[in-house]
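In: Show me how the following folds:
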Amino acid sequence: MLDKKRKAVIDSITEERRYNLGVHLYVIYWHQHAWTKKKWAADGWSDITADQLKLINLLASGESMSGSKLARRAHVTKQAMSQMVNLMEKRGVLVVQQDPDDSRVKMISLSAYGAKFLKYFSSYTKELNKQYTEIIGEDKMRMLTEITGELADVLIEENGMPKLGFTN
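Out: Residues are numbered from 1 along each chain as shown. Just a heads-up that it's a prediction; the model follows:
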């Protein structure tokens, strides 16, 4: 459960900050991003970044998509998507092939290496959840997961975001 140091930190939080969800989510995101970079590098995945995870998620279903479709779904420009696809193809995460129906279009899919990363990512999220559970306890973690899951589902639906392909 909570050790004395963590309890002192929680007790010192001002009322204004205690109820500011935006601040809390930013701090959690910052922690997760920093921890992710170290963890992935230590586990041999330094060639994949947290930012590239969005693209990997879009392709997690195994469906091939055009760069234009990926850009629309990721809410980025075609140029930005093209740069990311080129980099990830060079790193072996993606496969780019000509569309058999339209030679002007390139179809993008996950490589075997990219699919292997998805399996790794599932174990990584379980480890991250364990880390957070150790901090706040099982009951609070269950409540936090349920509440943020509901919020995420509504935001995904209302904003036309793709369903997460790497859920556990």
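
In: Output the helix or strand containing Ala41 as CSV, nothing but the C-alphas.
Out: Using DSSP states H and E, Ala41 sits within helix 21-42. What follows is helix 21-42, C-alpha atoms only, in CSV (Å, rounded to 0.1, in the frame of the first residue of the first chain):
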residue,chain,number,x,y,z
LEU,A,21,-8.0,15.8,-13.8
GLY,A,22,-6.0,17.5,-16.6
VAL,A,23,-3.0,17.9,-14.4
HIS,A,24,-3.2,14.4,-13.1
LEU,A,25,-3.5,12.9,-16.6
TYR,A,26,-0.5,15.0,-17.8
VAL,A,27,1.6,13.8,-14.9
ILE,A,28,0.6,10.1,-15.5
TYR,A,29,1.3,10.6,-19.2
TRP,A,30,4.7,12.2,-18.5
HIS,A,31,5.6,9.3,-16.1
GLN,A,32,4.5,6.6,-18.5
HIS,A,33,6.3,8.2,-21.5
ALA,A,34,9.6,8.5,-19.5
TRP,A,35,9.3,5.0,-18.1
THR,A,36,8.3,3.6,-21.5
LYS,A,37,11.4,4.9,-23.2
LYS,A,38,13.7,3.3,-20.6
LYS,A,39,11.7,0.1,-20.4
TRP,A,40,11.4,-0.4,-24.2
ALA,A,41,15.2,0.3,-24.7
ALA,A,42,16.1,-2.2,-21.9
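
In: mind checking how far that helix is from the chain centre?
Out: 11 Å (Cα atoms, centre = their mean, to the nearest Å).

In: Excluding its own residues, what touches that helix? List them.
Out: Arg17, Ser46, Ile48, Thr49, Ala50, Tyr124, Glu127, Leu128, Gln131 (Cβ atoms under 8 Å, 6 or more residues apart in numbering). C-beta: built from backbone N, CA, C; applies to glycine.

In: Closest to Gln83 out of these?
Out: Nearest to Gln83 out of the contacts of helix 21-42 is Thr49 (Cβ to Cβ; 13.0 Å).

In: per-residue pLDDT, that closest one?
Out: pLDDT for Thr49: 86.

In: what about it, how many neighbours?
Out: Counted with other Cβ atoms under 10 Å, the neighbours of Thr49 add up to 15.
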